[in-house]
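*Asks:* quick check, what structure comes out for this input:
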Amino acid sequence: MVDQIDPKDALKMIEAGEAILIDVREPDEFTASHIPYAMSIPMSVIDGVFHHLSFPMTQTLIFQCGVGGRSQRVCEYVTAIPDTGHKVLNLAGGIKAWSGEGLPLV
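*Replies:* Below is the predicted model:
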């Protein structure tokens, strides 16, 4: 099981440069509304592209989707990759929880 992080704690980590937020929803969902700090890497392509990406080892990877289910599966996938070395967290409640906390959306 991958650890969860609540939206306000995630925001603090992102703003401090301690974490990268990755939105795993599909492109149409991301275009409709997204968290301003998020980069889009859809779950449907993550297995084909994740190995080609490079993230600073000092940063935690926070995965996010609509309510937390898809991002949980992506977290489990990423943590199962040998030698990834990154700390991985799932944004509890996804963008719905983020929005519910009154945090900004684009």
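*Asks:* tell me where this structure has helices.
*Replies:* 7-15, 27-32, 46-49, 69-80, 94-100 (DSSP state H).
*Asks:* what average pLDDT does the shortest one get?
*Replies:* Averaged over helix 46-49, pLDDT sits at 90.
*Asks:* so V67 makes contact with L91?
*Replies:* No. Using Cβ atoms under 8 Å as the test, V67 is too far from L91 to be in contact (9.8 Å). No exception for glycine: its C-beta is placed from N, CA and C like everyone else's.
*Asks:* if we can go back for a sec, out of the helices of the chain, flag the one nearest V106.
*Replies:* Taking Cβ to Cβ, helix 27-32 is the member of the helices of the chain nearest to V106, at 9.4 Å.
*Asks:* tell me which of the helices of the chain lies nearest to L61.
*Replies:* Nearest to L61 among these is helix 69-80; the distance by Cβ to Cβ comes to 6.9 Å.
*Asks:* just checking, what packs against the closest one?
*Replies:* With contacts defined as 3 or more Cβ pairs under 8 Å, 6 or more residues apart in numbering; DSSP states H and E, helix 69-80 has these neighbours: helix 46-49, strand 60-64, strand 88-91.
*Asks:* turn the helices of the chain into CSV, including mean neighbour count and distance to V106.
*Replies:* Shown next, in CSV, are the helices of the chain (neighbours: other Cβ atoms under 10 Å; distance: least, Cβ to Cβ, whole Å):
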stretch, mean neighbour count, distance to V106
helix 7-15, 17, 14
helix 27-32, 13, 9
helix 46-49, 12, 22
helix 69-80, 18, 18
helix 94-100, 19, 11
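*Asks:* hang on, V88 packs against A80?
*Replies:* No. V88 is not in contact with A80 according to Cβ under 8 Å; the separation is 10.3 Å.
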